[in-house]
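S.K.: predicted model follows, preceded by the sequence.
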Amino acid sequence: MSDVEQTLSIIKPDAVERDLQNKIKDEFIKSGFTIIKEKKIHITKIEAEEFYKVHQTKPFYNDLCEYLSSGPIFVMILEKFNAILDNRELMGATDPKKADEGTIRKKYGVSIDKNSVHGSDSSENAKKEIQFFFKD
Ligand code: UDP
Ligand code: MG
């Protein structure tokens, strides 16, 4: 059953580099999300490795962690009814080439690795990821 939920969103280095953070935040707000907390940070590779631990056996893991730690990012807690799935839908497919029209990754993503945004994929991961960046 759907409910008011919180999910973790990240505006990734490729988007911050192109100064797209306000445009992307507007996409969230227009779609009914409330930004509960946000901060701009630059994480270390070690922190990226911890955050993306679920992917540690994947061939792209090292490049992914290098990339997420390569520049500043915006991390946000987004809140909305059905936030986790609705955010995944708004983001679009992992590969921007396969993402639906109107999605954030279709509009702003550069490639499968530089795809502008991260969003939690389940209730369990949303809790873990929110805790990871917002410990208080
Ligand atoms: N990724 C990549 N190459 C791939 C698959 C994924 O570089 O072949 C990166 C991409 O940045 C993606 C992240 O790894 O957003 C996490 O992958 P996941 O499959 O969890 O995709 P997401 O949940 O972000 O859509
Ligand atoms: Mg994922």
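M.R.: Thanks, I have it. Ligands and ions are numbered 1, 2, ... in the order given.

S.K.: what score does the closest residue to Ile35 other than its chain neighbours have for pLDDT?
M.R.: Spatial nearest neighbour of Ile35, chain neighbours left out: Met76 (5.3 Å); criterion: Cβ to Cβ, 6 or more residues apart in numbering. Yep, even glycine has a C-beta here, placed from its N, CA and C like the rest. Here, the pLDDT recorded for Met76 equals 98.

S.K.: mind listing residues that contact the one helix or strand Met76 maps to?
M.R.: Using DSSP states H and E, Met76 maps to strand 73-81. For strand 73-81, contacts defined as Cβ atoms under 8 Å, 6 or more residues apart in numbering pick out 2-13, 16, 21, 25, 28, 31-43, 86-87, 130, 133-134.

S.K.: let's see 6 Å
M.R.: Contact with strand 73-81 is made by 4, 6-7, 9-13, 21, 28, 32-40, 130, 133, as judged by Cβ atoms under 6 Å, 6 or more residues apart in numbering.

S.K.: off-centre distance for it?
M.R.: On the basis of Cα atoms, centre = their mean, to the nearest Å, strand 73-81 sits 8 Å off its chain's mean C-alpha point.

S.K.: quick one: that strand near ligand 1?
M.R.: No. Taking Cβ under 6 Å from any ligand atom as the criterion, strand 73-81 and ligand 1 are apart, separated by no less than 12.1 Å.

S.K.: what helices and strands are in contact with the helix or strand following that strand?
M.R.: Next along the chain after strand 73-81, taking DSSP H and E as the criterion, comes helix 83-91. On a contact count with 3 or more Cβ pairs under 6 Å, 6 or more residues apart in numbering; DSSP states H and E, helix 83-91 meets strand 4-11, strand 117-119.
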